[in-house]
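Participant: just the structure for this:
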Amino acid sequence: MQYKNKNLYLTKNLGEIIKNERIKNANISLSKLAYEYDINKGGLSKIENGLVDCKFTTLWKIAEALGMKYSELVILVEEKIDKDFKLIDE
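Facilitator: This is a model prediction of the structure:
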């Protein structure tokens, strides 16, 4: 599959997963999650909407706030994206 923008594809999928996990499993509002876990609310919104590529430490904090390990979050992303997806062209 051809990807016009690989980073955008990955960040959109990651954002969807974070938002779904926040609503479905953690049952917490964006504002409350941001406040309680010291995450910038605007930044979190941009992450959930796939508008920004976030730092490793921010993702780790989001995973913990959602009650999961960082590796579990990564696995959800890997399961969601296309099997042939690679950020680096071979």
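Participant: hey, where'd the helices end up in this structure?
Facilitator: Listed in chain order, the helices found in the chain under DSSP state H are 6-21, 30-36, 41-48, 56-65, 70-80.
Participant: quick check: Lys19 touching Glu48?
Facilitator: Yes: when contacts are counted by CB atoms under 8 Å, Lys19 is listed as touching Glu48 (4.2 Å). For every residue, glycine as well, the C-beta is placed using N, CA and C.
Participant: who's more crowded, those two?
Facilitator: Glu48 (21 against 17; other CB atoms under 10 Å).
Participant: now do the same contact list for that one.
Facilitator: 15-16, 18-19, 22, 30 (CB atoms under 8 Å, 6 or more residues apart in numbering).
Participant: do Glu36 as well
Facilitator: 28, 65.
Participant: could you find the closest non-adjacent residue to the residue nearest the centre of the chain?
Facilitator: The chain has Leu14 as the residue nearest its centroid, 3.4 Å off, counting by CA atoms, centre = their mean. Nearest non-adjacent residue to Leu14, counting by CB to CB, 6 or more residues apart in numbering: Val77, 5.4 Å away.
Participant: quick check: the gap between that neighbour and Lys69.
Facilitator: The gap separating Val77 from Lys69 is 13 Å, by CB to CB, to the nearest Å.
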